[in-house]
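# Kindly return the folded structure for what I paste below:
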Amino acid sequence: MQAFIRAVIRPAALAAAALTLVMSVPAFAQGANEGGDRPTRRTDAQKQEDAAVDKAYRAATKGDRKLPSAKVDPWRTVRSGDDDKKDKH
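Numbers count the residues shown, from 1 in each chain. Alright, predicted model coming up:
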């Protein structure tokens with residue numbers, strides 16, 4: 001049993017520990033840069049440019065929400081022609 005532990009389990013445990021260490025290194029590297037997550041200050045020119053872009057976007061998408069003027073019947077292909085002639089209450 002001692003030979004099995006020395007031959008198989010100990011190298012496997014060392015390999016697992018080494019693999020865990022190697023895989024955790026990139027996670028530490030992401031937090032290494034100083035202030036990488038802080039927002040930067042915007043200049044007045046950049047703020048004006050952002051406002052112009054936003055205004056152009058709103059103007060371009062302003063009229064997209066109009067509904068069709070005619071009523072649409074989604075069941076028109078299912079109904080027979082006689083149903084249209086009946087009186088609706």
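
# Show me where the chain dips below the pLDDT cut-off.
Residues of the chain meeting the criterion pLDDT under 70: 27-39, 63-69, 81-89.

# again, 90 this time
1-13, 20-42, 58-89 (pLDDT under 90).

# what's the longest helix in it?
Counting residues, the longest helix in the chain under DSSP state H turns out to be helix 10-30.

# Buried residues, the very next helix or strand once past that one. List them.
Where DSSP states H and E defines the elements, the next helix or strand beyond helix 10-30 is helix 44-60. The neighbour-count check on helix 44-60 (16 or more other CB atoms under 10 Å) flags nothing as buried. Where you see a C-beta, it was placed from the backbone N, CA and C, and this is true even at glycine.

# Tell me how many other residues crowd T43.
Using other CB atoms under 10 Å, the number of residues around T43 comes to 9.

# Hmm, I typed the wrong one, I wanted P11.
P11 has 10 neighbours, counted by other CB under 10 Å.

# and the gap between it and I5?
Remark: distance between P11 and I5 (CB to CB, to the nearest Å) = 10 Å.

# likewise A15?
15 Å.

# go on, D44?
70 Å.

# Same check on V25?
For V25 relative to I5 (CB to CB), the value is 29 Å.

# Could you do T61 as well?
T61 is 69 Å from I5, by CB to CB.

# same check, this time on T20
20 Å.

# Then L19?
Distance, L19 to I5, using CB to CB: 20 Å.

# got it, and K62?
On the measure of CB to CB, K62 and I5 end up 74 Å apart.

# try D54
Distance from D54 to I5, by CB to CB: 67 Å.

# for A51, same thing?
Taken as CB to CB, the span from A51 to I5 is 70 Å.

# just A45 next, same as before
A45 is 69 Å from I5, by CB to CB.

# Kindly report the same for A59.
Look at A59 and I5: by CB to CB, they are 74 Å apart.

# quick one: buried residues of stretch 15-23?
The neighbour-count check on stretch 15-23 (16+ other CB under 10 Å) flags nothing as buried.

# Contacts for it, please.
Applying CB atoms under 8 Å, 6 or more residues apart in numbering, stretch 15-23 has no contact partners.
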